[in-house]
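Student: predicted model and sequence follow; I will ask about them next.
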Amino acid sequence: MFFWLSKILQYLISPLTWIVIIFILSFCFKSEKTKKGLRITVFVLLLIFTNPLLVNVCLNAWEQDRTPETELTERYDYGIVLTGMIFYDSQNDKIEFGQSTDRILEAVRLYYAGRINKIFISGGSGLLLDQTHKESQLLKDYLKSINVPEEDIIIETESRNTHENAVEAAKVLRPTESSDTYLLITSASHFRRAAKCFENEGFTFDSYPVDYCSRKICANPETWLIPAPSAFTTWNMLLHEIAGYVMYDWSGYF
């Protein structure tokens, strides 16, 4: 039930959804004053949610601080990678990489650099209806195709969200019963929620956030005067992460 509710919430918290609903409502009232007020609200929301400076400031405050590679332990037994970065193209029978691809790219780089012994990939299908294609299995197949040894790729295919990532990973890796060392690899915006979930399942790990969306804040007028349609997408991601963190806290997941 929580999985379904989280997917519904994902659409409800979208700023574009709010703007469309308010705009439609502006045609439903007879009062010209009310119509005008709602349309002004739509205009103000458009200015806010297309402003690249505002969303960048919020991202800088939310994203996990960068971890210099020089501060990492020399070598880890497992690099834990959370899925949510690929799509399966059934027409061409291949995977397509999307946002958050840094998660697996950095894991592979660290593996070949000798910083992690094995890559553990956690995640099944995050789709509501189609549970056929498991993302961790697809990623394992991809890593094998680029010559990562199969024995160094461990997966779990049952989890559908971050809480389940941690629960299912703990079943396989048994962190409270072993002395293995772990490096948690996921997007910087996702790290707060992921870290809490894994800590709750008994994991002790070092953090390696990747896939940063925030940029250095500068005084260039272009960053705060010119509306950016891409800011909508960034706000969707950020609000999704904040709402997810709050929902997980309320649900007792950490």
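Tutor: On my side now, so go ahead. Here the structure is a predicted model, which means the values were calculated and not measured. Numbering: from 1, shown residues only.

Student: so where do the strands sit in this protein?
Tutor: In the chain, the segments counted as strands under DSSP state E are 76-82, 86-89, 94-97, 116-122, 153-156, 182-187, 205-210.

Student: which one of these lies closest to Thr70?
Tutor: Among the strands of the chain, the nearest to Thr70 by C-beta to C-beta is strand 205-210 (12.4 Å). Placement of C-beta: from N, CA and C, glycine included.

Student: buried stuff in the closest one?
Tutor: Applying a neighbour-count criterion of 16 or more other C-beta atoms under 10 Å, one finds Phe205, Ser207, Tyr208, Pro209, Val210 buried in strand 205-210.

Student: returning to what we had before: closest to Phe43 out of the strands of the chain?
Tutor: strand 182-187 (32.1 Å).

Student: spatially speaking, which residue is in the middle of this structure?
Tutor: Centroid check for the chain by C-alpha atoms, centre = their mean gives His190 as the closest residue, at 4.6 Å.

Student: who touches Thr204 in this structure?
Tutor: By C-beta atoms under 8 Å, 6 or more residues apart in numbering, Thr204 lies in contact with Pro175, Tyr182.

Student: likewise Ala170?
Tutor: Counting by C-beta under 8 Å, 6+ apart, Ala170 has contacts Thr176, Glu201, Gly202, Phe203.

Student: and for Lys134, nearest residue in space, chain neighbours not counted?
Tutor: Thr157 (3.9 Å; C-beta to C-beta, 6 or more residues apart in numbering).

Student: burial check on that neighbour, number of neighbours?
Tutor: 19 (other C-beta atoms under 10 Å).

Student: cool, Arg39 as well?
Tutor: Counted with other C-beta under 10 Å, the neighbours of Arg39 add up to 15.

Student: excluding its backbone neighbours, what's nearest it?
Tutor: The shortest distance from Arg39 to any non-neighbouring residue, by C-beta to C-beta, 6+ apart, is to Ser26 (5.1 Å).

Student: thought Lys35 was touching that neighbour, still the case?
Tutor: Yes - when contacts are counted by C-beta atoms under 8 Å, Ser26 is listed as touching Lys35 (4.9 Å).

Student: picking up where we left off before, pLDDT and distance to Gln91 added to the buried residues of strand 205-210, as JSON lines?
Tutor: Below are the buried residues of strand 205-210 laid out as JSON lines (pLDDT from 0 to 100; distance: C-beta to C-beta, whole Å):
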{"residue": "Phe205", "pLDDT": "97", "distance to Gln91": "39"}
{"residue": "Ser207", "pLDDT": "96", "distance to Gln91": "38"}
{"residue": "Tyr208", "pLDDT": "97", "distance to Gln91": "35"}
{"residue": "Pro209", "pLDDT": "97", "distance to Gln91": "34"}
{"residue": "Val210", "pLDDT": "96", "distance to Gln91": "30"}
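
Student: residue ranges of each domain in this structure, please.
Tutor: 2-63+228-250, 72-210 (automatic domain parsing).

Student: hey, what's the angle from the lengthiest helix in the chain to strand 182-187? Just curious.
Tutor: What stands out as the longest helix in the chain, according to DSSP state H, is helix 230-250. If you take axes from the mean of the first three to the mean of the last three C-alpha atoms, to 10 degrees, helix 230-250 sits at 140 degrees to strand 182-187.

Student: how about the helices in the stretch 51-200 of the chain?
Tutor: 52-62, 102-112, 135-145, 162-173, 191-200 (DSSP state H, counting those that start in this stretch).

Student: which stretches of the chain have low pLDDT?
Tutor: Within the chain, the segments meeting pLDDT under 70 span 1-11, 126-131, 219, 222-223.
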